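Asks: Build me a model from this:
(one chain, ligands or ions: 1)
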Amino acid sequence: MQKKKVVVLTGAGISAESGLRTFRDSDGLWEGYEIEEVATPRAWRKNPQLVLDFYNYRRRDVLNAQPNAAHIGLAELEHDFDVTIITQNIDDLHERGGSTKVMHLHGEIFKMRSEENEQLIYEIEDDIQLGDKAEDGAQLRPHIVWFEEAVPMIEVAVPIVQQADIFVVVGTSLAVYPAAGLITVAANSIPKFIVDKKIPSTTSVYNLTAIEKPATEGVKELKELLKPFVL
Ligand code: APR
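Replies: Next comes the predicted model:
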């Protein structure tokens with residue numbers, strides 16, 4: 001018997017208990033930085049050093065962070081379900097938590113790419129410096145989808161969500177599109193669960209069960225609620 005397909009959309013809230021700040025909570029990462037100053041193509045043109053500093057700092061934060069019980073709990077669901085994680089996060093905590101199918105909608109902090117050719121992508125663990133070049137001779141930049149840029153992975157994500165038997169959302173304010181729209185792509189008939197310490201408002205989503213808890217506790221409860229669906 002084939003395992004049921006569980007598709008999980010995650011956001012910054014799942015990594016909060018690993019010590020990585022979220023974007024829109026009151027202690028959020030954008031405080032002190034205007035989004036426009038660090039996460040837009042315009043910022044990159046205007047002050048690439050500031051943008052590199054910002055992401056170099058974040059890369060060190062992620063290196064020092066560890067997956068928490070929520071990342072690990074979702075990975076453990078693979079025993080009973082065919083699980084795909086669609087994350088808006090640029091950290092690698094799902095992978096380090098043991099999940100085997102992880103798709104990053106907004107890029108990855110441990111990758112960099114040519115500013116000219118988005119196919120020229122390289123692994124990176126330390127800092128990107130001004131003057132570091134890709135093989136096409138262009139400056140390297142973080143492999144991050146900035147505001148005002150297209151989100152190419154959404155094309156891959158949509159059919160995965162359409163085929164889900166169960167859809168789960170963990171730790172996202174559902175404020176940023178197109179990612180936020182994935183919840184409306186899931187079939188009306190399937191069970192849906194949302195885990196968040198403060199559930200964001202969702203309109204016209206059918207069959208939605210809210211678990212208003214921090215991710216580590218909420219995922220534990222989710223696993224109990226999913227037990228009846230194990231084949
Ligand atoms: N457990 C569960 N949820 C939490 C926790 C926690 N410990 N801490 C915070 N949250 C929730 C908040 O209540 C909020 O709903 O996580 C969510 C975080 O929302 P945002 O900060 O908006 O992060 P996210 O939704 O991932 O942002 C989406 O926006 O800034 C861009 O590209 C960036 O991928 C990011 C995208």
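
Asks: counting contacts, what elements does the top strand by length along the chain pack onto?
Replies: Across the chain, the strand with the greatest residue count (assigned by DSSP state E) is strand 107-114. Contacts of strand 107-114 with other secondary structure elements, assessed using 3 or more Cβ pairs under 8 Å, 6 or more residues apart in numbering; DSSP states H and E, are made with helix 48-64, strand 121-123, strand 140-144. For glycine as for every other residue, the C-beta is placed from the backbone atoms N, C-alpha and C.

Asks: Show me the contact partners of it.
Replies: Outside of strand 107-114, the residues within contact range by Cβ atoms under 8 Å, 6 or more residues apart in numbering are 55, 58-59, 62, 90-92, 119-125, 128, 132, 134-136, 138-145.

Asks: Deepest in the core, which of the helices and strands packed on strand 107-114 is it.
Replies: Burial among the helices and strands packed on strand 107-114, expressed as mean neighbours by mean count of other Cβ atoms under 10 Å, is greatest for strand 140-144, which shows a mean of 22.

Asks: That one: partners in the sheet, and parallel or antiparallel?
Replies: The partner list of strand 140-144 in its sheet, established with DSSP bridges, is strand 107-114 (antiparallel).

Asks: rewinding a little: so which of the helices and strands packed on strand 107-114 comes closest to the ligand?
Replies: Comparing the helices and strands packed on strand 107-114 by their distance to the ligand (Cβ to the nearest ligand atom), the top pick is strand 140-144, with 7.8 Å.

Asks: low pLDDT regions in this protein?
Replies: Across the chain, the stretches falling below the confidence threshold (pLDDT under 70) are 26-31.

Asks: ok, now with 90
Replies: Regions of the chain meeting the criterion pLDDT under 90 cover residues 1, 21-37, 125, 202-204, 231.

Asks: Up against the ligand, what does it have?
Replies: Where proximity means Cβ under 6 Å from any ligand atom, the interface of the chain facing the ligand comprises 11-13, 16-17, 22-25, 28, 88, 106, 171-173, 175-176, 196-198, 200, 214-215.

Asks: From those residues, list just the buried residues.
Replies: Buried members of the residues of the chain next to the ligand, counted by 16 or more other Cβ atoms under 10 Å: 11-13, 16-17, 22-24, 88, 106, 171-173, 176, 196-197, 200, 214-215.

Asks: which ones among these are found in helices?
Replies: Within those, residues falling in helices by DSSP state H are residue 215.

Asks: which SSE is residue 221 in?
Replies: For residue 221, the enclosing helix or strand under DSSP states H and E is helix 215-226.

Asks: Which secondary structure elements does that helix sit against?
Replies: Based on contacts counted as 3+ Cβ pairs under 8 Å, 6+ apart, the elements that helix 215-226 packs against are helix 69-76, strand 166-170, strand 192-195, strand 208-211.

Asks: The same query, at a cut-off of 10 Å, please.
Replies: strand 5-10, helix 69-76, strand 166-170, strand 192-195, strand 208-211 (3 or more Cβ pairs under 10 Å, 6 or more residues apart in numbering; DSSP states H and E).

Asks: Please enumerate residues in contact with the last one?
Replies: Contacts with strand 208-211, where a contact means Cβ atoms under 10 Å, 6 or more residues apart in numbering, come from 167-170, 183, 186, 191-197, 199-200, 202, 217-222, 225.

Asks: go with 7 Å
Replies: Strand 208-211 is contacted from outside by 192, 193, 194, 195, 199, 202, 218, 221, 222, 225, using Cβ atoms under 7 Å, 6 or more residues apart in numbering.
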